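In: Output the structure for:
(2 chains)
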Amino acid sequence: DGGITQSPKYLFRKEGQNVTLSCEQNLNHDAMYWYRQDPGQGLRLIYYSQIVNDFQKGDIAEGYSVSREKKESFPLTVTSAQKNPTAFYLCASSFGTLNVDTQYFGPGTRLTVL
Amino acid sequence: GQQLNQSPQSMFIQEGEDVSMNCTSSSIFNTWLWYKQDPGEGPVLLIALYKAGELTSNGRLTAQFGITRKDSFLNISASIPSDVGIYFCAGQGETSGSRLTFGEGTQLTVNP
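Out: A predicted model of the protein is given here:
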C-alpha cells in the first residue's frame, strides 16, 4: 500500500525531554511537511522540505528541528525549548510541483507532555 | 502573509439537507484543495482544483475554483451522518512555492 505513515499514534513525554516523531512515505514524493494542530484550530506549518538534504522553516519553527537524509523520511524533533508542545502533529507529502501541487496527509501523532 | 477566511465556522444540519461552505483569500491562488478530517485522524483530500472557474464533483461533493482566483466553495448534497467532521480549504499562492495556506475549518454536525 502506498501512503504516509506516522508513528507512534500517541506519545507521552515528560516536560524537558526531547522527542522525535517519525514520518515515512512511499509515494515517491519530493516534498514533505510538518504541521501542528491545536484543538479547534487549523493547521500551522512547522517545517518543510522540498528536496533531500534541504529544509526550510515554516510559520512556527521555534522549538522544533528536522532532518531530511532520505527522500522517504522526514523526522521531527520536538525539543525542550518548545514551550507548549502538547498538540496533534501531522506530516504531509507532495510532488512539490509549483502551482499545481497536492499534499497528502499521514494519520497524525498526538503528543502529550506531562 | 496570505490569509484564508473560511465560513461558516460550524454547521448543524439534518440528515438529507444540502450544505455549502466557502473560503476567500486576500490574494490570488493557483490551486484550491478541500480536505475532510475525522476526529483524531489526518485530513483526507476530497477535491483538488487547479484552474479558475473549474467545477469538480466527487460523488455528493461539488467544489468550484472562483473566477477571481480568490475564492472557492464546497457543496455537499443530501448529507448523511458520516459527513460529520471538519472540512478544510487550502490554497497554493503564486509566490508560496508548494506551501499551502489553510482555512480555519468548518465543523459539520449532521443530525439523523
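In: Average pLDDT for stretch A:83-100, rounded please.
Out: For stretch A:83-100, the mean per-residue pLDDT is 89.
In: how far does it sit from the chain's center?
Out: 5 Å (CA atoms, centre = their mean, to the nearest Å).
In: buried sites along it?
Out: Within stretch A:83-100, the residues that count as buried by 16 or more other CB atoms under 10 Å in any protein chain shown are A:85, A:86, A:87, A:88, A:89, A:90, A:91, A:92, A:93, A:94, A:96. For glycine as for every other residue, the C-beta is placed from the backbone atoms N, C-alpha and C.
In: Make TSV out of those and add secondary structure and distance to residue B:34.
Out: Converted to TSV, these look like this (DSSP: H, G, I helix; E, B strand; the rest coil; distance: CB to CB, whole Å):
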residue	secondary structure	distance to residue B:34
A:85	coil	30
A:86	coil	28
A:87	strand	23
A:88	strand	20
A:89	strand	22
A:90	strand	16
A:91	strand	20
A:92	strand	15
A:93	strand	18
A:94	strand	16
A:96	coil	20
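In: which among these gets closest to residue B:11?
Out: Closest to residue B:11 out of those is residue A:88 (22.2 Å), distances taken as CB to CB.
In: Distance of that closest one relative to residue B:65?
Out: Using CB to CB, to the nearest Å, one gets 29 Å for the distance from residue A:88 to residue B:65.
In: cool, residue A:47 as well?
Out: Remark: distance between residue A:47 and residue B:65 (CB to CB) = 29 Å.
In: Do the helix or strand residue A:21 falls within and chain B come into contact?
Out: Assigned by DSSP states H and E, residue A:21 belongs to strand A:19-25. No. Applying CB under 8 Å from any CB of the partner chain, one finds strand A:19-25 separated from chain B by no less than 10.8 Å.
In: which parts of chain A sit against chain B?
Out: Within chain A, the positions adjacent to chain B are A:4, A:6, A:31, A:41-43, A:45, A:48, A:50, A:58-59, A:88, A:90, A:92, A:94, A:96-108, A:110 by CB under 8 Å from any CB.
In: Model confidence for the closest residue to chain B within chain A, exactly?
Out: Closest to chain B within chain A is residue A:105: 3.7 Å, counting by CB to the nearest CB. For residue A:105, the pLDDT comes out at 96.
In: Give me the neighbour count for residue 22.
Out: Went with chain A since none was named. For residue A:22, the neighbour count with other CB atoms under 10 Å in any protein chain shown is 16.
In: that answer is for a different chain, and I need it for chain B
Out: By the criterion of other CB under 10 Å, residue B:22 has 19 neighbours.
In: Quickly list what residue B:64 is bridged to.
Out: In this entry, residue B:64 is beta-bridged to residue B:55, residue B:73, by DSSP bridges.
In: doesn't residue B:89 make contact with it?
Out: No. The pair residue B:64 / residue B:89 is not scored as a contact, 11.6 Å apart, by CB atoms under 8 Å.
In: Between the two, point out the one with more neighbours.
Out: Set residue B:64 next to residue B:89 and count neighbours by other CB under 10 Å: residue B:89 wins out with 32 against 20.
In: shaky segments in the chain?
Out: By default, I'm working from chain A. Confidence mapping of chain A against pLDDT under 70 gives the ranges A:1-2, A:98-99.
In: oops, I was thinking of chain B
Out: Within chain B, the stretches with pLDDT under 70 are B:1-2.
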